[in-house]
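>>> Okay, predicted coordinates and the sequence, questions at the end:
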Amino acid sequence: MPNLYEGAGILTNVKLDHVSKYFDKVIGVENIDVEIRSGEFFTFLGPSGCGKTTTLRMIAGFYYPTSGRIFFGDQDVTYLPPNKRNIGMVFQNYALFPHLTVFENVAFGLQVRKKSKQEIREKVERALKMVHLDGYGNRRIDQLSGGQQQRVALARALVIEPQILLLDEPLSNLDAKLREETRVEIKRLQLELGITTIYVTHDQAEAMAMSDRIMVMKNGVVQQVGTPEEIYNRPNNQFVASFIGESNLLEGTVEEMDDRLVKVRISPELVLSGWKENAAPGVQLKKGEKTTVSIRPESIREASSSEQGEENVVRGQVTLSEFTGVSVNYLTRVGEHQLKSMFVNRGFRVYQRGEELTISIPKESVYFLG
Amino acid sequence: MYSTSNHSWTPSAMKRKTSITSSPYFVYVLVSPLFLVLLAYVIYPLFQTFIESAQIDGTFSLQNYLEFFSLKNTSNLEALWTSIYISILSVITCGIVGVGMAFLLERYEFPGRKILSVLVMVPMSLPPLIGVLSFEFLYGKSGIIPRAFQAWLGLNEVPFALSGITGVLVVHTFTMYTYFYMTASAAIKGLDPSLEEAAASLGASRFYIWRRVILPMLTPAMVASSLLVFMISMASYTAPLIFGVERTMTMQIYLSRTNGDLDMAATQSTILSIVSILFLLIMRWYQNIRNYQNMSKGISVHRTEVKSKVGKYVAMILSLIGVMILLLPILVLVLLSFSVDGSWTVEVLPTEYTLNHYIELFTDSRTWRPIANSFEMSMIATIGNILFGVAAAYAAVRLKFKGKTLLDVLIMIPWALPGTVVGINLIAAFSEPSVFSLNQVLVGTFWIIPLAYFVRHLPLVFRSTSAVLLQMDRSAEEAARSLGASWWYSFRRVVFPMAFSGILVGALLAFVQGIGEFVASILIYTSETVPISVEIFQRMYAFEFGTACAYGVLQILLILIVLFISQKVSGNNNITV
Ligand SMILES: Nc1ncnc2c1ncn2[C@@H]1O[C@H](COP(=O)(O)OP(=O)(O)O)[C@@H](O)[C@H]1O
Ligand SMILES: [Mg+2]
């Protein structure tokens, strides 16, 4: 593997210090305060319009924050123009120069930097090899497939040895299979180069698979920053719990509580108990008050009918049965609620719609969201 | 071929395989009238002109061409050279003004931008003769502006005045920069801003981005407009006529013709035709080369606001000057149209005013005559254009036959040919009886001018109609056919109504162009069939400026009405003519 980064140590961390951006009166993002560590794969995740692109563009220098500051390492870059920032950026539509060949596209940034012909040729060829496009240098851009264009864009961004790599929904224009391949490719390159990478996506599966840490956003406001496990297992709020993976969100009243265990009544038929410490930050559980419980479908398991009556074991009627091969997904009606559950296919019997099913919800899987 | 034509024809034709309409050659029966019209009124006149130029006393001879290129009497070569260099300079000046305006209006926000971007198309609303005349009135030797400066500075003579080649260039720039403006602003709108951002993220400075990204991306649009402006400049006749530049190709043709040297006029015409058709072919070839604009979708416009105080004032003053330059030609025509004929001699502005010219336009039969003539002749030509244009557009878009490119080129040729050449061609072809004129002599009759208008505006209805037909979903027609409609019924009830906006836009344009036509008319009019523009020209030389300008204002009004209707009708449909 040819290494682009001969000059190591140019990597840097990125700090957003209480950054807000307004478009006239419209909120782009509000009060973002986060530090992206050197060499980290960091993802902005959220639904469309939540401010991911706006944040990324402020880091790139295409927007200036309305308030707050941005640092690359110790350098304040808040108002530095984009061409002075030494960033590599991959655009959603790739933004390849249609009037230039593949080689000329990749060489562009090096020509700006007035490198010698010799050096440019070597570096471009290495970069094209790195993205498996050696031999494509003379092609015109419109002679490439979407996936190949994507890789040219990546090579063009990386060949200038940027301090930071920015990617704005780079996979959204690719079909499913290519998306999978390119995802692996991007992650491989990032690991090999060790470059600080900021990645924007609205696809939570993509974010979970690739990222060291994820920043979840909604309506311009940060909801949670953490590793994929933290975000998935200990979501800060209902939005995060439902946006990342699937979840049964159930509202109920705290019925009993001691030092370790909390018992919540969801409906007359459904009472769940869980560990008190298994709660989102800042949640104060009080007896008699309302709370929301989150249960991941895959944490639910099938129980034998003899277990019925034990704590957290309920019986209901299957209203939807979905066999996907890898797993069987059920919707089970318990009282007025429909519980989603997912059992990995190990050759168990598949229940059909209308049959009775007994399920057990482990105490450690009951998560209190407040 | 057999199966496709079967398929695109009627399902009932499939049952009657023996019927003539199911033959794969039937389509040629349908398109042959189109080719016949083109043969009669485009090819044959061109050919007759060539014959005329290559014959002396009935035998083949290249004597005329030798004379044209002779180094003893170089007036023809000088004319060719002058035409070429005026055209090159016109391309340069129009390019600078047009592209500059496009960038200013598309990329910057400044006080006065809105009004400028509305008025920027004003030159399009001036008929050729009227545009040139207004410049003569404004900036010529006895023009208002030079005289105003003379009076203001107390000089004995006017300090400056437009005349000669400079005058021609200024008028060309004013009337033709819009071609650059339109293509450049479309190209700039189509420029994906993320390309510039990508370049900036790679470290490129503003200047570098311009040089390496923006300009190369605009090149196709600029080359296309350059070819167009070059062609139109070569064909320009009115500007050299008014500013007294006799040594241009079109003026030489006109002079040869008025001196009765028809052989030389034919020779000059043939040479100019070759140049024009060559340019047409280059343009077609070039337009088929890929252009870059349509690669990415979802483009947002972003204008840089001019923020500094000084910048704002400069922008405001420049906008004001721009607005004045754009509006003055129309304003001066309106002003002069109220002046008493013969009352404006040495003063800065006319001294006596009257409403009479407008009243006379419609009441005095002598003054009304040219208006009636123009309407009648242009109407006849437009009806011909509609019949031919709709049929040709339908054939080109919907039928399958060999020779489509030929059809397209033949239709475009009259548009590429200078009006002067079209005039000479018709004279050469129809001064004697021929099958195409039903054994009549057309020159000297009423019919020659409508024929000239028909030929000159041949592509207008064709292009606007094929544009809407191309956008139209073919399945609408197929649905009608599947519901049992005959070809004619579905054409009448589905295709024609859906294409109506395109047909109307093209027809209106052909009609007003006919009303404003001057260049071919001046060669072939008779005392019975004087059209408006020729009348304007004659009134000018009789110093009846008021009447001349009243005609001009009428023409401009008509054009504005047509532009307005076209805009309403075409709405979001991109009807390109
Ligand atoms: N240039 C702009 N002008 C006005 N509003 C904008 C602009 N860019 C983004 N916004 C607004 O800011 C919000 C965040 O947009 P964006 O960052 O593009 O979202 P995302 O990339 O997460 O889909 C949206 O409400 C959007 O409408
Ligand atoms: Mg976005």
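Thanks, I have the structure now. Please read these numbers as outputs of a predicted model, since none were measured by experiment. Ligands and ions are numbered 1, 2, ... in the order given.
>>> Next, the contact list for the closest residue in space to A:P362 that isn't next to it in sequence, please.
What sits nearest to A:P362 in space, not counting adjacent residues and going by CB to CB, 6 or more residues apart in numbering or on different chains, is A:S299, at 6.2 Å. (Each C-beta comes from the backbone N, C-alpha and C, glycine too.) Going by CB atoms under 8 Å, 6 or more residues apart in numbering or on different chains, A:S299 touches A:I361, A:P362, A:S365.
>>> Name the member of those with the most neighbours.
Counting neighbours by other CB atoms under 10 Å in any protein chain shown, A:I361 comes out on top of the contacts of A:S299 with 25 neighbours.
>>> rewinding a little: out of the contacts of A:S299, who's nearest ligand 1?
Of all these, ligand 1 sits closest to A:S365, with 31.3 Å by CB to the nearest ligand atom.
>>> Now do the contacts for the residue of chain B found nearest chain A.
Scanning chain B for proximity to chain A using CB to the nearest CB identifies B:L202 as nearest, at 3.5 Å. Counting by CB under 8 Å, 6+ apart, B:L202 makes contact with A:N83, A:F108, A:G109, A:V112, A:R156, A:A157, A:I160.
>>> Which of the helices or strands spans the second one?
When secondary structure is defined by DSSP states H and E, A:F108 falls within helix A:102-112.
>>> what angle separates the next helix or strand after that helix from helix A:102-112?
Counting by DSSP H and E, the next helix or strand C-terminal to helix A:102-112 is helix A:117-130. Relative orientation of helix A:117-130 versus helix A:102-112 (axes from the mean of the first three to the mean of the last three CA atoms, to 10 degrees): 130 degrees.
>>> The next helix or strand along the chain from helix A:117-130 and chain B in contact?
Next along the chain after helix A:117-130, taking DSSP H and E as the criterion, comes helix A:146-158. Yes. Counting by CB under 8 Å from any CB of the partner chain, contacts between helix A:146-158 and chain B involve A:R156, A:A157.
>>> for helix A:146-158, which positions count as buried?
For helix A:146-158, the neighbour count (16 or more other CB atoms under 10 Å in any protein chain shown) marks A:G147, A:Q148, A:Q149, A:Q150, A:R151, A:V152, A:A153, A:L154, A:A155, A:R156, A:A157, A:L158 as buried.
>>> so the third one makes contact with A:A95?
In this case it means A:Q149. No. Assessed by CB atoms under 8 Å, A:Q149 is found out of contact with A:A95, at 10.0 Å.
>>> Show me chain A divided up by domain.
A:6-239, A:246-368 (automatic domain parsing).
>>> right, and the ones you listed - which one's nearest B:W488?
With CB to CB, the closest approach to B:W488 among these belongs to domain A:6-239: 42.6 Å.
>>> starting at the chain centroid, how far to that closest one?
Taking CA atoms, centre = their mean, to the nearest Å, one finds the center of domain A:6-239 at 14 Å from the center of the full chain.
>>> Okay, and the beta partners of A:V262?
Legend: beta-bridge partners of A:V262 under DSSP bridges are A:M257, A:G274.
>>> need the contact list for it.
Going by CB under 8 Å, 6+ apart, A:V262 touches A:V254, A:E256, A:S273, A:G274, A:W275, A:K276, A:L285, A:F368.
>>> Which of these ranks first by neighbour count?
Within the contacts of A:V262, neighbour counts (other CB under 10 Å) peak at A:G274, which reaches 23 neighbours.
>>> thought that residue was touching A:F368?
Yes. Using CB under 8 Å, A:G274 is in contact with A:F368, at 6.8 Å.
>>> tell me, what's touching these two both at once?
A:V262, A:V264, A:V293.
>>> Just say helix, strand or coil for the second one.
Same thing as A:V264. At A:V264 the chain is in strand, as set by DSSP: H, G, I helix; E, B strand; the rest coil.
>>> What count of nearby residues applies to it?
A:V264 has 24 neighbours, counted by other CB under 10 Å.
>>> Pick out the residue of chain A closest to chain B.
Residue of chain A nearest chain B, by CB to the nearest CB: A:G109 (3.5 Å).
>>> What are the neighbouring residues in contact with that residue?
By CB under 8 Å, 6+ apart, A:G109 lies in contact with A:R156, A:V159, A:I160, B:L202, B:G203, B:A204.
>>> Please name the nearest non-neighbouring residue to it.
In space, A:G109 is closest to B:L202, 3.5 Å off (CB to CB, 6+ apart).
>>> Next: A:T66.
Leaving aside its chain neighbours, A:T66 sits nearest to A:Y22 (4.7 Å; criterion: CB to CB, 6+ apart).
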